[in-house]
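A.B. asks: Here is my input; please provide its structure:
(chains A and B)
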There are 2 protein chains.
Amino acid sequence: MKVAKFGGSSVASAEQLRKVASIIQDDKERKAIVVSAPGKRFSDDIKVTDLLIELGEAYFNKQAYEQQLQAVLERFREITAELHISNDVITEIKASVESILESNQTDAIKMDALKATGEDSLAKVLSAYLQSLGLKASYLNPKEAGIIVTDNPGNAQILEESYAELYKLREREEIFVIPGFFGYTNDGTLNTFSRGGSDITGSIIAAGVQADLYENFTDVDSVYSVNPTIVENPKEITSLTYKEMRELSYAGFSVFHDEALIPAFKADIPVCIKNTNNPNGIGTIIVSKKEPQPNPVVGIASDTGFVSIYVSKYLMNRELGFGRKLLTILEDEDISFEHTPSGIDDLSVIIRESHLPKEKEERVVARIKEVLNPDTIHIDRDLALIMVVGEGMDSTIGLADKATNAFAKANVNIEMMNQGSSEVSMMFGIKTGEVKEAVKSLYETFFTE
Amino acid sequence: MKVAKFGGSSVASAEQLRKVASIIQDDKERKAIVVSAPGKRFSDDIKVTDLLIELGEAYFNKQAYEQQLQAVLERFREITAELHISNDVITEIKASVESILESNQTDAIKMDALKATGEDSLAKVLSAYLQSLGLKASYLNPKEAGIIVTDNPGNAQILEESYAELYKLREREEIFVIPGFFGYTNDGTLNTFSRGGSDITGSIIAAGVQADLYENFTDVDSVYSVNPTIVENPKEITSLTYKEMRELSYAGFSVFHDEALIPAFKADIPVCIKNTNNPNGIGTIIVSKKEPQPNPVVGIASDTGFVSIYVSKYLMNRELGFGRKLLTILEDEDISFEHTPSGIDDLSVIIRESHLPKEKEERVVARIKEVLNPDTIHIDRDLALIMVVGEGMDSTIGLADKATNAFAKANVNIEMMNQGSSEVSMMFGIKTGEVKEAVKSLYETFFTE
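C.D. replies: Got it, this is the predicted structure:
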């Protein structure tokens, strides 16, 4: 059994839904279908989920929400009309929105129920359309499927007990279409996952049914080996491990919401990224393990907006607890850090700039001075990280040499370098202004030579 | 004013003391002289300090100590006879040892007083010898000089209040010879510094008198750029900064006891390492700052006996406090760590093998599993660290490239690489068995090409 999840752009219009149906028809293994709410049809379009959020906010602020409601209804009216299926869903949405707003629930729970309406309605539309094409298909509510979640509106977490129930879905003969993005608490209240939560639903279903494959249909052919705005027509990645994907997405590759993949990762389900608009393209497959490659580097990612705190003290190395005390100060200030490279008597902490705003800087520096009495402390903003990623890098002689050579060729100074903790990446810190040159040079070194 | 400290081999015999006197005579600025106890004259010889320790242990164990006492006396008898000076010191040592052993002090304090006898007697001998040569010189007891220390037998620490008193030594017209290795507590009890403590005394005196130079006379011409047992006839280092010296000594260069230099470092006194047997050699000078060099690398050091704990967990990066919790476990187990290189979802902790004995390993691993629930944890022993050291490395483009190229040429895999936290070094972790090949290749790259 395969789980196929279709994202917002794949279900944005009747035209797109026709492609979806065709994809489903192409492979009998595609029986578990997960859908997002209709996304943008063109760049200035508004996603159905955003319309529903606006609707809710208007209502809570005691403003008119008719306009947003009509816009949502219009999206579905257009789709059902063009697909020549019943427009019962329009009446259902209207009734459902009214009943949600008039319920005795908290605003947070009302908002979750509103937001989920897009996915829920689209799942109904798609199953009706598949039926109209003569396929055995039905809509499946997440409650009926068995998706039980924590009581945490807007950020619900799946409960382990769900999986036994979900496993029973394997017995179904016909196609079932499940709306993504939400589940139900043990007392039956709808709660949504975090934004991007349809990927989470797909991943949960894939883990639950122990799918042979979790296909994630989106609007790109595959994951590129490097940011295509830096390098023109870069090589596509055909196969990635979870670890590789995670390291790439850390430094700017926005393929997946990281947390979305956890259920699939834990259940060891391969994940395939495919393009609804080019379903025969090879796509990118994400797996747990892959065969060693002659060129182990699969991708080069870069991200800006990092800052480093540098602390040095003669004989720091001898002070038991020095590093821990520094980290405790940061934790106490609610600053999560990324890395802590250290020399003998010096230590740097790399932090995302958003976690160390200027107003915290002075206080943090003062506390470090007070507690640790360092010889030197200074803060460098304007730091970018570059990740060179690939399984097997840790055991390939000469890779560090190739990478550092690429920086030297581009005349870029390496401010920081970190290799060997991760078995699948090397990390470099450079000045933000030099990212493009460095990435281009690395790409040439690892992909075109 | 210069402070000249002469180590154990420089004062091991009458012949060596003649060289010392000649060095003192050569430069009128050499007025503050600090001496060790007589060291080895040949490789199987026993240092006077070791004889004194054996003597004390024999006494505490109620065994005969006459043999050790005679051996100490014989060393001084030989020296005074050959230098044609009074042998009063022999009687003094005998009386002093008896009075120490019969005193009402604790064993620890008795031992400290015994151990200090070697330095103290040698200082008396040297000042008598200098006088016999017609120089204005006198023995100066550390108490009279003003070396006040904490009450901590065998590991005394200098008290800040000493420095005001020591500064007055500047006013002295004549040469004064101070025994190294010990000071006195505020209540007048003799306490020794840690082993190698004559370097500490020299450093304290240099800081106290705000010396123009602290000359440390030993039996090597200078510090080599690389371990001479790995590379034949390596380049000598003429000038080092404190930071460079510290990074080199961390990874196996045993020039100085690190802590010995703290007083001189804090007072910004340049330190010169010279050879008593070749006083006109250029030596190695240690300073706070130096001019930028075209080849910033000054030395390559290596040390074995490291172990790494590797921990990985999907989305570890998102867990606030993950790193801190890990370090807290180690601190709780009294394990000091060296470095904590990290990837995105993985973290390694590098520890000296002596700090993580096998019997602790199992417990530590179990605690990490319990507290942090990682996906993977493994321990790698057999790790060596290589440091490439030099001020200005952080701003020299292409150095990482040269270094990593040297590893690749030697066909050595880099297990770990860390650059940029320290401004004066790059650190590499490799398998212990590959150290020689790697160091040779690095030396060729940075010093012979």
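A.B. asks: from here on, contacts and neighbour counts on C-alpha atoms
C.D. replies: OK.
A.B. asks: Around the closest residue in space to residue A:103 that isn't next to it in sequence, how many other residues sit close by?
C.D. replies: Nearest residue to residue A:103 in three dimensions, chain neighbours excluded: residue A:110, at 7.8 Å (CA to CA, 6 or more residues apart in numbering or on different chains). Residue A:110 sits with 22 neighbouring residues when counted by other CA atoms under 10 Å in any protein chain shown.
A.B. asks: likewise residue A:67?
C.D. replies: For residue A:67, using other CA under 10 Å, the count is 12.
A.B. asks: Could you do residue A:220 as well?
C.D. replies: 16.
A.B. asks: measure it to chain B for me?
C.D. replies: According to CA to the nearest CA, to the nearest Å, residue A:220 stands 25 Å off from chain B.
A.B. asks: Would you agree that residue is in contact with residue A:279?
C.D. replies: No - using CA atoms under 8 Å, residue A:220 makes no contact with residue A:279, being 10.1 Å away.
A.B. asks: Do a quick rundown of the strands in the stretch 51-200 of chain A.
C.D. replies: Secondary structure of the stretch 51-200 of chain A (DSSP state E, counting those that start in this stretch): strands at A:137-139, A:175-179, A:182-184, A:190-192.
A.B. asks: gap between the residue nearest to residue A:103 and residue A:376?
C.D. replies: When distance is defined by CA to CA, to the nearest Å, residue A:110 is 53 Å away from residue A:376.
A.B. asks: swap in residue A:37?
C.D. replies: Here the distance between residue A:37 and residue A:376 works out to 53 Å (CA to CA).
A.B. asks: Neighbour count for those two, which is higher?
C.D. replies: For residue A:37 versus residue A:376, the count of surrounding residues by other CA under 10 Å is larger for residue A:37: 29 against 12.
A.B. asks: what residues are up against the more buried one?
C.D. replies: Residue A:37 makes contacts with A:7-8, A:11-12, A:47-49, A:118-122, as judged by CA atoms under 8 Å, 6 or more residues apart in numbering or on different chains.
A.B. asks: Helices - which of these land there?
C.D. replies: A:48-49, A:118-122 (DSSP state H).
A.B. asks: Surely residue A:284 touches residue A:241?
C.D. replies: No - in terms of CA under 8 Å, residue A:284 does not count as a neighbour of residue A:241; the distance is 10.3 Å.
A.B. asks: residues touching residue A:230, list them.
C.D. replies: Each residue near residue A:230 by CA under 8 Å, 6+ apart is listed here: A:436, A:439-440.
A.B. asks: per-residue pLDDT, residue A:421?
C.D. replies: On pLDDT, residue A:421 comes in at 66.
A.B. asks: again, but for residue A:330
C.D. replies: Reported pLDDT at residue A:330 in the predicted model: 91.
A.B. asks: Let me know the distance separating it from residue A:362.
C.D. replies: Plainly put, residue A:330 is 13 Å away from residue A:362 if you go by CA to CA.
A.B. asks: thinking again about what came up before, which of the contacts of residue A:230 tops the neighbour count?
C.D. replies: When neighbours are counted by other CA under 10 Å, residue A:439 leads the contacts of residue A:230 with 24 neighbours.
A.B. asks: Apart from its neighbours in sequence, what residue is nearest it?
C.D. replies: Here the residue nearest residue A:439, using CA to CA, 6+ apart, is residue A:300, at 7.1 Å.
A.B. asks: give me the number of residues near the one you found?
C.D. replies: If you count neighbours by other CA under 10 Å, residue A:300 ends up with 26.
A.B. asks: Quick one: residues contacting it.
C.D. replies: Residue A:300 sits next to A:225-227, A:248, A:386-389, A:439, A:442-443 when contact means CA under 8 Å, 6+ apart.
A.B. asks: What residues of the helix or strand containing it count as buried?
C.D. replies: Residue A:300 is located in strand A:299-312, with elements delineated by DSSP states H and E. By neighbour count with 16 or more other CA atoms under 10 Å in any protein chain shown, strand A:299-312 contains the buried residues A:299-304, A:306-312.
A.B. asks: Pipe those into CSV and attach pLDDT per row.
C.D. replies: Shown next, in CSV, are the buried residues of strand A:299-312 (pLDDT from 0 to 100):
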residue, pLDDT
A:299, 94
A:300, 95
A:301, 92
A:302, 93
A:303, 92
A:304, 93
A:306, 94
A:307, 95
A:308, 93
A:309, 93
A:310, 91
A:311, 92
A:312, 89
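A.B. asks: The spatially most central residue of chain A: what's its closest spatial neighbour, skipping adjacent residues?
C.D. replies: Nearest to the geometric centre of chain A sits residue A:257, at 1.0 Å (CA atoms, centre = their mean). Of all residues beyond its chain neighbours, the one nearest residue A:257 is residue A:196 (6.7 Å), with distances taken as CA to CA, 6+ apart.
A.B. asks: That neighbour and chain B, how far apart?
C.D. replies: 17 Å.
A.B. asks: Per-residue pLDDT of that residue, please?
C.D. replies: With respect to pLDDT, residue A:196 scores 78.
A.B. asks: can you check the one 5 residues further on too?
C.D. replies: pLDDT, the model's per-residue confidence, is 97 for residue A:201.
A.B. asks: can you give me the helices in the stretch 201-350 of chain A?
C.D. replies: A:242-250, A:262-266, A:322-332 (DSSP state H, counting those that start in this stretch).
A.B. asks: Most tightly packed of these?
C.D. replies: helix A:242-250 (a mean of 24; mean count of other CA atoms under 10 Å in any protein chain shown).
A.B. asks: got the angle for that helix vs strand A:299-312?
C.D. replies: Relative orientation of helix A:242-250 versus strand A:299-312 (axes from the mean of the first three to the mean of the last three CA atoms, to 10 degrees): 70 degrees.
A.B. asks: Is chain B within reach of helix A:242-250?
C.D. replies: Yes - using CA under 8 Å from any CA of the partner chain, helix A:242-250 comes into contact with chain B via A:243, A:246-247, A:250.
A.B. asks: Okay, now the unreliable bits of the stretch 251-400 of chain A?
C.D. replies: The model of the stretch 251-400 of chain A has pLDDT under 70 over residues A:255.
A.B. asks: Would you mind listing what in it touches chain B?
C.D. replies: With CA under 8 Å from any CA as the criterion, the stretch 251-400 of chain A meets chain B at residues A:258-259, A:262, A:310, A:314-315, A:317, A:320-321, A:323-324, A:327-328, A:331, A:336, A:338-348, A:394-398, A:400.
A.B. asks: what's near enough to touch residue A:136?
C.D. replies: Taking CA under 8 Å, 6+ apart as the definition, contacts of residue A:136 comprise A:130, A:174-175.
A.B. asks: Can you tell me how far it is from chain B?
C.D. replies: For residue A:136 relative to chain B (CA to the nearest CA), the value is 38 Å.
A.B. asks: Three-state assignment for residue A:406, please.
C.D. replies: For residue A:406, the secondary-structure state derived from DSSP: H, G, I helix; E, B strand; the rest coil is helix.
A.B. asks: What separation do you get for it and residue A:420?
C.D. replies: 19 Å.
A.B. asks: and if you look at residue A:352?
C.D. replies: Distance, residue A:352 to residue A:420, using CA to CA: 22 Å.
A.B. asks: ok, the two, which is more surrounded?
C.D. replies: Legend: neighbour count by other CA under 10 Å for residue A:352 and residue A:420, higher for residue A:420 (26 against 19).
A.B. asks: Can you check what pLDDT the model gives the residue lying closest to that one once chain neighbours are set aside?
C.D. replies: Spatial nearest neighbour of residue A:420, chain neighbours left out: residue B:416 (4.0 Å); criterion: CA to CA, 6+ apart. Predicted confidence (pLDDT) for residue B:416: 87.
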